[in-house]
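Student: Next one to model:
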Amino acid sequence: MGLKIYNSLTREKEEFKPLDPPFVKMYVCGPTVYGHSHLGHARSYVTFDILYRYLSFKGFKVKYVQNITDVGHLVGDRDTGEDKIAKQAKKEQLDPYEIAYKYEVSYFEDMDRLNILRPNISCRATGHIIDMIEHIEKLINKGYAYVTQEGNVYFDVRKFKDYGKLSNRKVEEYQEGDRIEIAKDKKNPYDFALWKKASPEHIMQWNSPWGRGYPGWHIECSVMSSKYLGETLDIHGGGLENMFPHHECEIAQSEALTGKPFVRYFVHHNMLTVNGTKMGKSLGNFIILKDLFKKVEPMVLRFYILQGHYRSPLDFTDQAMDAAKNGYQRMKNSIFSLQKYLTSLNIDSYNNGYLESKYSDVNNIAKNFFEALDDDLNTAVSISEIFEMLKISNIELASNKPDIEKLILINSFIKDGFEKILGFRDVLVDECDNSQNIEDKLIELIINLRAEFKKNKNFEMSDKIRDNLKELGITLKDGKDGTTWIR
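Tutor: I've put the predicted structure just below:
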């Protein structure tokens with residue numbers, strides 16, 4: 001059975017067949033870098049990490065491109081107002097470029113902690129301004145875009161008859177306030193900005209045939225995706241909230257220029273809520289990943305996200321996270337026991353015959369695991385199958401004479417399913433890292449106790465701690481900024 005995936009464009013589950021197999025051209029809308037990544041980013045990029053990993057596991061050669069929006073994304077996703085990055089720059093009293101770089105670095109730090117594989121190409125909008133200008137010029141020449149007296153350039157939606165085919169919305173149905181800003185210089189209220197004239201104080205602006213300005217938000221994805229992946233993409237991913245107007249506009253400005261289908265499979269994940277309410281700063285329920293990771297292990301959050309289907313709404317609650325923590329720990333403990341046992345026997349072999357071995361229970365569970373993923377990436381079912389496989393492992397480990405061959409097959413399945421495809425970290429390595437962190441914290445605790453002894457002029461105990469640590473291979477160095485240590 002091949003991978004079937006829900007195509008938002010056709011509203012059907014379709015067998016995935018790339019345009020030029022085994023090569024797959026995949027583009028996913030990246031972050032707008034004006035703040036630290038939040039819970040919604042985790043849901044989105046874990047989802048597409050699974051798709052990327054599973055396609056690669058199935059033998060496809062995936063070229064994965066993700067943009068970094070560092071200019072042009074206006075507050076409220078509209079065609080008027082302030083650039084999100086410029087607004088944050090004023091707030092933090094930094095240059096907009098500093099803001100963009102600061103939060104781009106922060107974004108990748110958080111994604112790394114979630115064990116999300118980096119895209120093959122991560123491209124910044126500001127590095128493709130010339131390409132965008134060229135694309136806009138061609139649209140103007142073909143009659144799909146127009147320049148206003150104010151120096152703005154808009155796409156004329158009425159000239160593109162297929163506008164609305166993704167969101168299934170007709171132009172006549174659009175209403176003011178429907179994420180569309182009615183600017184005075186538009187021919188029609190639903191036309192969208194390709195280029196905006198910049199005010200003199202706007203730092204991020206470039207020369208163009210229409211005066212100094214900056215690109216609209218939508219144009220960047222069309223330009224960068226075509227630059228690195230060609231005129232037709234196999235997969236375009238993003239959140240359901242991006243379907244309109246962002247992805248709808250991408251289709252229009254791409255297909256109007258090339259006359260070719262822009263995307264073969266549109267893949268959208270559903271919305272995320274917090275305690276049943278849409279997440280928002282004004283509601284006080286906006287969850288930054290860096291804050292969440294102080295309380296929740298990143299792999300627990302990944303486990304929580306994958307317990308739901310990507311096309312289903314996901315509600316974040318403390319109770320759900322506690323359940324995910326317990327479930328992940330049970331899975332992790334069983335895997336640790338399995339791998340620790342095999343390591344104790346100096347066994348580090350791999351056998352991918354878990355689908356056709358002499359053990360029917362192993363074969364069936366492995367088959368169910370892959371069938372779930374082939375059915376529109378049903379990670380919820382695939383996780384349940386891992387639990388079933390670990391039950392067999394636990395039974396074997398508890399027996400008087402464990403079947404080593406069977407345990408090797410199970411461990412190979414875990415390596416593929418748990419680590420390579422679902423993207424959880426190697427349990428043995430992770431446990432070692434955690435042990436290392438505990439050791440470091442204990443050393444810091446001892447150093448703090450020594451500092452208290454020194455403060456109270458108990459130099460005998462202070463020197464004893466220093467000497468005892470040195471015997472253990474840990475050397476303390478006292479300096480004007482405090483005490484540091486080395487092994």
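Student: List the contacts of residue 369.
Tutor: 382, 385-386, 389, 413, 417 (C-beta atoms under 8 Å, 6 or more residues apart in numbering). C-beta: built from backbone N, CA, C; applies to glycine.
Student: ok, now residue 13?
Tutor: 4-7, 375-376.
Student: Residue 357 now?
Tutor: 351, 363, 406, 409.
Student: Excluding chain neighbours, give the residue nearest to the third one in space.
Tutor: Across the structure, with C-beta to C-beta, 6 or more residues apart in numbering as the measure, the residue nearest residue 406 apart from its sequence neighbours is residue 359 (5.5 Å).
Student: Check what pLDDT that neighbour gets.
Tutor: Looking at residue 359, its pLDDT is 97.
Student: wait, residue 315 sits on residue 279?
Tutor: No. Using C-beta atoms under 8 Å, residue 315 makes no contact with residue 279, being 10.4 Å away.
Student: what touches both of those two?
Tutor: Common neighbours of residue 315 and residue 279 (C-beta under 8 Å, 6+ apart) are 272-273.
Student: Now do the strands in the stretch 101-250 of the chain.
Tutor: 121-124, 145-147, 153-155, 192-197, 213-215, 233-239 (DSSP state E, counting those that start in this stretch).
Student: how about TSV for those, with mean pLDDT, distance to residue 164 and mean neighbour count added?
Tutor: Formatted as TSV, the strands of the stretch 101-250 of the chain follow (pLDDT from 0 to 100; distance: least, C-beta to C-beta, whole Å; neighbours: other C-beta atoms under 10 Å):
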stretch	mean pLDDT	distance to residue 164	mean neighbour count
strand 121-124	97	28	17
strand 145-147	98	18	20
strand 153-155	97	13	25
strand 192-197	95	13	25
strand 213-215	95	23	25
strand 233-239	98	17	25
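Student: Residue 70: neighbouring residues, count only.
Tutor: 26 (other C-beta atoms under 10 Å).
Student: Show the backbone phi and psi for it.
Tutor: phi -120, psi 20 (degrees, to the nearest 10).
Student: How about it: what's its closest non-neighbour residue?
Tutor: residue 100 (3.8 Å).
Student: Could you do residue 27 as well?
Tutor: residue 225 (4.3 Å).
Student: gap between that neighbour and residue 292?
Tutor: 31 Å (C-beta to C-beta, to the nearest Å).
Student: out of these two, which sits in the busier spot?
Tutor: residue 225 (27 against 18).
Student: who's in contact with that one?
Tutor: 27, 65, 67, 233, 236, 250, 254.
Student: Could you list every helix and strand in contact with the one helix or strand the second one maps to?
Tutor: In this case it means residue 65. Per DSSP states H and E: residue 65 is located in strand 61-68. Here strand 61-68 touches strand 23-28, helix 39-57, helix 96-113, strand 121-124, helix 217-229, going by 3 or more C-beta pairs under 8 Å, 6 or more residues apart in numbering; DSSP states H and E.
Student: ok, residue 315 and residue 279, which is more surrounded?
Tutor: residue 279 (17 against 14).
Student: thought that one was touching residue 285?
Tutor: Yes. The criterion here is C-beta under 8 Å, and residue 279 meets it with residue 285 at 5.6 Å.
Student: and the closest residue in space to residue 317 that isn't next to it in sequence, how many neighbours?
Tutor: Spatial nearest neighbour of residue 317, chain neighbours left out: residue 275 (5.5 Å); criterion: C-beta to C-beta, 6+ apart. Residues lying near residue 275 (other C-beta under 10 Å) number 13.
Student: Low-confidence ranges, the stretch 101-250 of the chain, go.
Tutor: 172-182 (pLDDT under 70).
Student: starting at the chain centroid, how far to the helix or strand hosting residue 335?
Tutor: Here residue 335, judged by DSSP H and E, is contained in helix 318-344. Taking C-alpha atoms, centre = their mean, to the nearest Å, one finds helix 318-344 lying 23 Å from the centre of the chain it belongs to.
Student: Enumerate the positions of it that are buried.
Tutor: The neighbour-count check on helix 318-344 (16 or more other C-beta atoms under 10 Å) flags 321, 324-325, 327-328, 331-332, 334-335, 337-339, 341-342 as buried.
Student: other SSEs contacting that helix?
Tutor: Using 3+ C-beta pairs under 8 Å, 6+ apart, helix 318-344 sits against helix 298-306, helix 379-398, helix 404-414, helix 427-455.
Student: That one versus helix 379-398: what angle between them?
Tutor: Relative orientation of helix 318-344 versus helix 379-398 (axes from the mean of the first three to the mean of the last three C-alpha atoms, to 10 degrees): 40 degrees.
Student: the inter-axis angle of helix 318-344 versus helix 404-414?
Tutor: 140 degrees.
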